[in-house]
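**Student:** I'll drop the sequence and a predicted model, then ask my questions.
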Amino acid sequence: MEDNSIVKDFYESNYDEHGRAGRETLEFARSKIIIARHLAGDAMEVADIGGATGAYSFWLAEMGHNVHLLDLAQNHIDAAVQNAHDSGVSLASYTCADARRLPYDNQSMDMVLLMGALYHLHSPQERLACLAEAHRVLRPGGLLICTVTCRYNLVISAMKYKLFDHYSREYIEETMRTGRHPKANFYAHTPDEILAELASARFE
């Protein structure tokens with residue numbers, strides 16, 4: 001199994017995910033619109049996998065859904081527990097675990113969110129393991145909502161923020177060619193690639 005200790009250390013020691021999650025970004029706002037289209041009127045069982053400090057989890061819990069938050073970084077889970085205590089909005093469960101080995105029963109979830117896990121797994125085998133676990137815990141007719149990063153995100157960012165002095169041409173070309181960021185534990189998909197991986201995991 002691919003070692004994800006670098007990702008774990010990054011979020012536990014080097015990055016304030018809770019601060020970022022607290023900002024109403026365009027990505028967050030747009031994702032909520034898409035997720036909301038698929039919410040049933042009754043309380044749903046939702047697994048928020050790689051959900052960090054629970055930005056989506058608490059939003060869904062406030063609407064009455066039973067949300068199970070799982071993240072690789074213990075400090076994210078601790079922050080979510082503290083947020084629940086401070087806000088009075090509780091989640092169904094809080095778990096520090098790996099997205100490739102979910103602790104949930106077969107066919108126990110109505111919806112699975114993978115809003116960050118896939119772009120931290122470099123190999124297709126590891127991403128397939130993650131997707132297969134999501135498929136396993138979904139009930140028949142359940143829904144997976146996932147995000148991936150575009151293969152050309154780096155060059156777009158370099159143009160937008162004028163970072164060509166920071167990112168070398170070789171760095172950008174390698175990322176566009178392979179999907180792997182040479183200096184970051186990050187993977188970027190092409191559209192055809194993610195569709196093929198979802199099909200391999202038996203999603204329709």
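**Tutor:** Looks like it came in fine.

**Student:** sec struct for Pro140, please.
**Tutor:** strand (DSSP: H, G, I helix; E, B strand; the rest coil).

**Student:** spit out the contact partners of the residue nearest to it when sequence neighbours are not counted.
**Tutor:** If the residues on either side of it in the chain are set aside, Pro140 comes closest to Gln107, at 6.9 Å by Cβ to Cβ, 6 or more residues apart in numbering. For every residue, glycine as well, the C-beta is placed using N, CA and C. With contacts defined as Cβ atoms under 8 Å, 6 or more residues apart in numbering, Gln107 is in contact with Arg136, Val137, Leu138, Arg139, Pro140, Gly142.

**Student:** ok, Asp71 next?
**Tutor:** Neighbour list for Asp71: Gly50, Gly51, Ala52, Thr53, Ile77, Ala80, Thr95, Cys96 [criterion: Cβ under 8 Å, 6+ apart].

**Student:** in CSV, list those residues along with secondary structure and distance to Leu128.
**Tutor:** Listed next are these as CSV, based on DSSP: H, G, I helix; E, B strand; the rest coil; distance: Cβ to Cβ, whole Å:
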residue, secondary structure, distance to Leu128
Gly50, coil, 16
Gly51, coil, 21
Ala52, coil, 23
Thr53, coil, 27
Ile77, helix, 25
Ala80, helix, 28
Thr95, strand, 22
Cys96, strand, 23
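
**Student:** hmm, which of the residues you listed are the buried ones?
**Tutor:** Those of the contacts of Asp71 that meet the buried threshold are Gly50, Gly51, Ala52, Thr53, Ile77, Ala80, by 16 or more other Cβ atoms under 10 Å.

**Student:** all helices of this structure, in order?
**Tutor:** For the chain, the helices defined by DSSP state H occupy 5-9, 17-21, 26-36, 55-62, 74-87, 124-137, 153-160, 169-178, 191-200.

**Student:** could those go into CSV alongside distance to Glu45 and mean pLDDT?
**Tutor:** CSV is the format used below for these (distance: least, Cβ to Cβ, whole Å; pLDDT from 0 to 100):
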stretch, distance to Glu45, mean pLDDT
helix 5-9, 26, 52
helix 17-21, 22, 55
helix 26-36, 14, 94
helix 55-62, 11, 97
helix 74-87, 18, 96
helix 124-137, 9, 97
helix 153-160, 32, 78
helix 169-178, 37, 82
helix 191-200, 21, 96
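
**Student:** can I get those in a markdown table including distance to Val46?
**Tutor:** Converted to a markdown table, the helices of the chain look like this (distance: least, Cβ to Cβ, whole Å):
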| stretch | distance to Val46 |
| --- | --- |
| helix 5-9 | 23 |
| helix 17-21 | 17 |
| helix 26-36 | 9 |
| helix 55-62 | 6 |
| helix 74-87 | 14 |
| helix 124-137 | 11 |
| helix 153-160 | 27 |
| helix 169-178 | 33 |
| helix 191-200 | 19 |
